[in-house]
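Participant: Here is a sequence together with a model predicted from it:
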Amino acid sequence: MNLPRLLSDSLLPGRAAWAARDGIWSVLPAGCGPAGYDRRGIAYDRIVGNALYNHLAWGASTARYRAFAARAVHSGTGPLLDAGSGSAVFTAESYARAGRPVVLVDRSLDMLAVARERLSRSAGGGPAADAVLLQADLLDLPFRPGAFGTVLSMGVLHLFEDTAVKALVRGLVALLAPAGGLFVTSLVAERTVGRWYLAMLHRAGEVATPRPVERLCSVLGAELGETMELDREGSMAYVVAQAAA
């Protein structure tokens, strides 16, 4: 299987990708072991993609998740990076109509396999020609600086503690082309139900220490500065920032 041109153009010198599964590439060592979400892709889909679950648990709308993804897709030109794409449950439809190349990155091969099938369905049953799926570590992304016109990362920041969030966001900003846009979402400890549920997930080792929205603003503001715009619906925060021109 030949390495897609989109991927070869984006990778740093010395970073090699290999075919991990049909239509899925990896830059991680073979046999490195499963990710936390491996073998849970279908169950994750059914829960996280459920509109009632999101309304009751987080006071948030899945329609708004999709609209935020669509905003990122249509915000610029050039390749788009989805950092922590998961199963593409809220993004596949937008990617099918993106009119620009997309690289979906996740640590879990099983989640990427679900994303591959969803992208295929959204493309009418065939392969999504302008989409590449890559297994990689979000804290060690293999791309050259300025490789992407847009970076989207949905539902990822609340998985990491503050120091790692700062490193991740700093790394994502470095991947943006001049005047490129960064679009991220994160659960925050707002609303009684949301705070309780995040605390429960934290005790189970599923998420990092829950942050109220003010803490998220402080952590991200140190990396994004005055370009950052933050909005919130229930326990979901939406952040947009722009790289320097």
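Facilitator: Okay, I see it.
Participant: helices or strands next to the longest strand anywhere in the chain in the packing?
Facilitator: When the chain is parsed with DSSP state E, its longest strand is strand 176-187. Here strand 176-187 touches helix 62-73, strand 148-153, helix 162-174, helix 213-224, strand 236-242, going by 3 or more Cβ pairs under 8 Å, 6 or more residues apart in numbering; DSSP states H and E. The C-beta positions use only the backbone N, C-alpha and C, and glycine is treated the same way.
Participant: between the ones you listed, which gets nearest to A199?
Facilitator: helix 213-224 (14.4 Å; Cβ to Cβ).
Participant: chain center to the closest one: distance?
Facilitator: 18 Å (Cα atoms, centre = their mean, to the nearest Å).
Participant: what helix or strand is G205 on?
Facilitator: Per DSSP states H and E: G205 is located in neither a helix nor a strand.
Participant: Please work out how many residues are found near I47.
Facilitator: If you count neighbours by other Cβ atoms under 10 Å, I47 ends up with 11.
Participant: what are the phi and psi values for D231?
Facilitator: phi -130, psi 160 (degrees, to the nearest 10).
Participant: That one touches V213, doesn't it?
Facilitator: No: counting by Cβ atoms under 8 Å, D231 stays clear of V213, with 9.9 Å between them.
Participant: Verify the assumption that A30 is located in a helix.
Facilitator: No: per DSSP: H, G, I helix; E, B strand; the rest coil, A30 lies outside any helix segment and is coil.
Participant: for the residue nearest to it when sequence neighbours are not counted, what are its contacts?
Facilitator: Counting by Cβ to Cβ, 6 or more residues apart in numbering, A30 lies nearest to W18, which is 7.2 Å off, once chain neighbours are set aside. W18 sits next to 25-27, 30 when contact means Cβ atoms under 8 Å, 6 or more residues apart in numbering.
Participant: neighbour count winner among D231 and V213?
Facilitator: Neighbour tally, D231 and V213, criterion other Cβ under 10 Å: the higher count belongs to V213, 17 against 13.
Participant: measure the more buried one to R15 for me?
Facilitator: 36 Å (Cβ to Cβ, to the nearest Å).
Participant: swap in R203?
Facilitator: 37 Å.
Participant: before we move on, what about V105?
Facilitator: 13 Å.
Participant: Next, the buried residues of stretch 50-57.
Facilitator: 54, 57 (16 or more other Cβ atoms under 10 Å).
Participant: Give me the contact list for that stretch.
Facilitator: 47-48, 60-63, 65, 193-194, 197, 235.
Participant: Tell me the pLDDT of G33.
Facilitator: For G33, the pLDDT comes out at 56.
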